[in-house]
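Student: How does the following fold in three dimensions:
(chains A and B)
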Amino acid sequence: MRNKLKEIRALNAFAQKQSVGMQRKLMLYWVSMILVVFAAMILLLSIAGTFSRDDERLREMMEIYLKSTQDHLDSHLETLTAQGLNLSKELSREIEGALVHEGISMQEVNDNPAELLRLQEVVYPLVSKTLQTVNCNGAYAILNATANTGLEVADHSRSGVYLRYSNLSASKPVSPTVVYFRGIPDIARQKDLELHNRWNLEFDIDKIPGCQELMNTPSPRPAESYFWSRRVELRDTWESAMLLCVPVVGSDGTLYGVCGVEISALYFQYSYPIVERQYGSGVTVLAPVQDNRLLLSEGLVGSVSGTYMDGQETLTIHQGRYYNEYDAGDERYIGLHQTMQIPRGEDTVWACAILVPQDSYAAYTAGVQKTWVIAALGVLLALLLLSFFLSRSFVRPIIDSLKRFQQEETLGQGTTSGISEVDELAEFLNLRAQNQRLEQGELPPNIADLFDLFIERKDLLTEAERNILRYYIDGYEVSEIPDLAFISMSTVRKHNQSIYQKLGVDSRDELMLYIDLLRRCGRLQELV
Amino acid sequence: MRKKFTSFLMAILLLCCTGCSGSINKEGAPTTITVWHVYGGQTDSPLNDLIEEFNQTVGKERQINVQVTSVSNTNTIHELVLAAANKEPGASELPDLFISYPKTVTALQDDSILVDYRDYFSEDELSAFLPDFVEEGMVNDRLVVLPVAKSTEILYINKTLFDRFSQATGVTMEDLNTWEGLYKAAEIYAEWTDAQTPEVAGDAKSLFVHDYYFNYFQVGVESLGEDFFEGDKLAFGPELRKAWEPLAQAALKGGIWLKGGYATESIRTGDSIVSVASSASILYYSDVVTYPDNTSEDITIISKPCPVFENGDKLVMQRGAGFCTVRSTPEREQAAVTFLKWLTEPTHNVEFVTKTGYMPVTKEAFENELPKAIEGLESEKYKSLYQAYLDTQRDYQFYVPPHLEAYLDLESTLEETVRAQLTLGRKNYLDANETGLEQISEERFETFRGIMER
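Tutor: Below you'll find the model as predicted:
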């Protein structure tokens, strides 16, 4: 293992000393720059939100949830309706039995408190049973008679029994408290029931939209003329509810009254809890749709925990490609809705909707977007740094070696910059420099050195020796010198020896060669 | 090169910041706090309106949303809280805030599920409350019940119907200042109403209904200088007998309403015309009486201080439930406390109490805000109530019930027993053709004592 490491290190050192091709380095540089551009693009796309807007998936999720909620709501209402119809049937039978037993008609029950009490005693157990067995929080039965026809209110006041649960909570208590909302108090006292704080003796049927009309219909058939009312305020209380109204009819077609069940706003809230998802809290809504607006105040709203919804809004619907926008003015919601078949009544189109506050969806997408942006930014910065360092390590050697070129006139052997092309250029430049000098009649450096040295050495010559050198330069032979210089031959030979030695030549031929060469170089005058 | 690089970097960063901040500027989801309260029963609740105000103002700022999930009465809440705390099967989940009397907390096996308000209120903040009120909320050395409104017992009179009775018989409202006078009046009323239908025997109507006989006996006995409690039981002393006698006589004669339910119910149906009940029940007194023939009559309800015994001190019960906060996460607890601090601010406190017949709980509210608010009351009914309250505060002493573990049990047993025995007594009296009054009273008392001493 250690050997291997040593090998790799040696290889590395070797490789570093080698000149690496510029092309390879440039490619690396380009690749990093391309990655930077790519990262910048991703960053821009993240900012633009391409990766965080997941509208399609949101729609899918909402569709699934809406479908399941709608199914649940459908079956809930259907069951309640069925049980309401059943109550009507049983009431019809019992009331008819009681009337027959007393030998009177429904009309004759008017102004007859004793009879009303008897009828209510008959009605009470059925209403109580319905309340306790059904998924609702109130049940009632209105009799088509009143205690006092002489009163002003008599035309819309009707006797009857109305029972409600008084303490609702999310987990349905096993024995919830029943409260006596409408009816003759004697029954409440018999059954030990508390009177509702806003108890009244009789029903005001004007307060239930559609009830008067129903009661004025001749011989209505329960299965065809029942309906669910829009949300009504329960008079003087803080509560509101949707009521099922089913006519109670005798076998001869006389209307005995109206019965039904209640779903209060609070009860609905408990039955349809909020759906928490990462994109926000989903609220279930059952409301009428009119003029492209969802009227929450006339329907029922599920739990709104985690939102600012108050259940009274009127939402303008804006259809969207993936989901709809519901505008309440100062609050906006996104979601989907689907019309439901809720039977009858006025020509109301009911819809089941799920709504998510737009703010929370926006916050969710913003969160995702932020993550993308930060990640992309991080990658971009890293790549920028990488390319910065790469460029530095790539460019610097070039700059450094170029600087060195400028500073030195000659490049010594063995100076490399580690970049093959640069080294080649250096060599080439060197060579050219050399060639240039030769072309101009310049001597190659080492030859020039010799001449310089020769010329310098002439200063070592004495006057007499210099004379003789001049004679040689002028082309005279050795034998001619004694006559010219008026000296003997032996003196000439002695001078010759001295000249040879001082000028660093070995023979007369060498000397003459030097002189000849100097003459050709045009440097002869330096010798004299 | 370096400069260009850095400026490029800055540009990218700026782009990101604007991109991000643009979309994260909206509010997130609010913290939802659930509340069970009693202010309004099933009627329009003034507290609900205040909660709405809070949600729209401070709630929106601090992202808190208060949701009312139950408006009932303290008995119901008491049962639900105990069931939830004991984790009984089918019990509901506890809300974040609920109204409670200390007796409910005392009955809890483990009150550490409730927040100690001293963790969230500073010394200064707590000293703004009236010290007695804070004292009442301490259970096992922890401040778990935060006072928000105080009540006492008041005598309510259906003046419209009483005037008719007064004119016919000469009984006056001043007669109702003492228990003795009141019971006498009840006997007369029973005779008078019975006499109106000579063909029907024994259909005397009751004059008077009391919401809490336990309070009647407790405060009555103490006002006569005797201890009501003896350890974990009732000390059946001579004064208790003295308190029983006039009540029993009137009841046997049919002048007292003995059926269950709140006093407001029988007043509502005209079955009684005078009641003693919590000052807070003003909210539930209708201005209308509806008779069995569906006729209704507008009536005037007036308030007077609670009756006292002729020889007794002027003593009256002082009560008031407060808010308990259930422990959960620091965030939710803080949100709940934020709401409570807002609610007990003098202006809000007074706004709330004057709509529900309570008294405020901070010194500042009492001294500065309340007098102003009383001036501004529109309803005669409420004006009368607050006048009665101020009279009570001036002339009476307040009695605060002790924190006994057995308090709750004793209370419910007594209520049931007294009513049952008096009803039985009435029946016996009628069966005996309206003779043997004292004897029947004695018998019923002994049975009553026997049951209580078990």
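Student: helix, strand or coil for A:E510?
Tutor: A:E510 carries the three-state label helix when classified by DSSP: H, G, I helix; E, B strand; the rest coil.
Student: That one and chain B: what is the separation?
Tutor: Computed with Cβ to the nearest Cβ, to the nearest Å, the distance linking A:E510 and chain B is 62 Å. The C-beta positions use only the backbone N, C-alpha and C, and glycine is treated the same way.
Student: Neighbours of that residue, how many?
Tutor: Other residues within reach of A:E510 by the criterion other Cβ atoms under 10 Å in any protein chain shown amount to 13.
Student: distance of it from B:Y399?
Tutor: In this structure, A:E510 and B:Y399 are 146 Å apart, going by Cβ to Cβ, to the nearest Å.
Student: and if you look at A:Q107?
Tutor: Where B:Y399 is concerned, A:Q107 sits at a distance of 58 Å (Cβ to Cβ).
Student: ranges for the helices of the stretch 401-528 of chain A?
Tutor: Using DSSP state H, counting those that start in this stretch, the helices found in the stretch 401-528 of chain A span residues A:420-439, A:445-457, A:463-473, A:481-485, A:489-503, A:508-521.
Student: okay, those helices in JSON lines with distance to B:E265 next?
Tutor: Rendered in JSON lines, the data for the helices of the stretch 401-528 of chain A read as follows (distance: least, Cβ to Cβ, whole Å):
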{"stretch": "helix A:420-439", "distance to B:E265": "107"}
{"stretch": "helix A:445-457", "distance to B:E265": "129"}
{"stretch": "helix A:463-473", "distance to B:E265": "154"}
{"stretch": "helix A:481-485", "distance to B:E265": "164"}
{"stretch": "helix A:489-503", "distance to B:E265": "149"}
{"stretch": "helix A:508-521", "distance to B:E265": "141"}
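Student: Save those helices as CSV, and put in mean pLDDT and distance to A:A145 too.
Tutor: Output for these, formatted as CSV (pLDDT from 0 to 100; distance: least, Cβ to Cβ, whole Å):
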stretch, mean pLDDT, distance to A:A145
helix A:420-439, 74, 113
helix A:445-457, 84, 138
helix A:463-473, 88, 162
helix A:481-485, 87, 173
helix A:489-503, 90, 158
helix A:508-521, 88, 148
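Student: Of all these, which one is nearest A:R189?
Tutor: When the helices of the stretch 401-528 of chain A are compared for distance to A:R189 using Cβ to Cβ, the nearest one is helix A:420-439, at 111.3 Å.
Student: which strands and helices sit next to that closest one?
Tutor: Taking 3 or more Cβ pairs under 8 Å, 6 or more residues apart in numbering or on different chains; DSSP states H and E as the contact definition, the neighbouring helices and strands of helix A:420-439 are helix A:22-48, helix A:358-407.
Student: same thing but at 10 Å, please
Tutor: In terms of contacts (3 or more Cβ pairs under 10 Å, 6 or more residues apart in numbering or on different chains; DSSP states H and E), helix A:420-439 is packed against helix A:22-48, helix A:358-407, helix A:445-457.
Student: In CSV, list the ones you listed along with distance to A:Q278 and mean neighbour count.
Tutor: Listed next are the helices and strands packed on helix A:420-439 as CSV, based on distance: least, Cβ to Cβ, whole Å; neighbours: other Cβ atoms under 10 Å in any protein chain shown:
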stretch, distance to A:Q278, mean neighbour count
helix A:22-48, 19, 15
helix A:358-407, 6, 16
helix A:445-457, 81, 13
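Student: Any idea which of those gets closest to B:P305?
Tutor: With Cβ to Cβ, the closest approach to B:P305 among those belongs to helix A:358-407: 53.8 Å.
Student: before we move on, back to that, looking at A:Q107 and B:Y399, which has the bigger crowd around it?
Tutor: When neighbours are counted by other Cβ under 10 Å, A:Q107 and B:Y399 differ, and B:Y399 comes out ahead with 20 against 9.
Student: so how far is B:M138 from the more buried one?
Tutor: With distances defined as Cβ to Cβ, the gap from B:Y399 to B:M138 amounts to 18 Å.
Student: repeat for A:Q190
Tutor: Counting by Cβ to Cβ, the gap from A:Q190 to B:M138 is 44 Å.
Student: more crowded one of the two?
Tutor: The neighbour comparison of A:Q190 against B:M138 (other Cβ under 10 Å) goes to B:M138, with 17 against 11.
Student: out of everything not next to it in sequence, what's closest to the more buried one?
Tutor: Here the nearest residue to B:M138 in space, its sequence neighbours aside, is B:V144; by Cβ to Cβ, 6 or more residues apart in numbering or on different chains that works out to 7.7 Å.
Student: Please look at the one you found and B:F98 and confirm they touch.
Tutor: No. Proximity of B:V144 to B:F98 does not meet the contact threshold set by Cβ atoms under 10 Å, at 11.4 Å.
Student: which residues are common contacts for those two?
Tutor: Taking Cβ atoms under 10 Å, 6 or more residues apart in numbering or on different chains as the contact criterion, the common neighbours of B:V144 and B:F98 are B:114, B:323-325.
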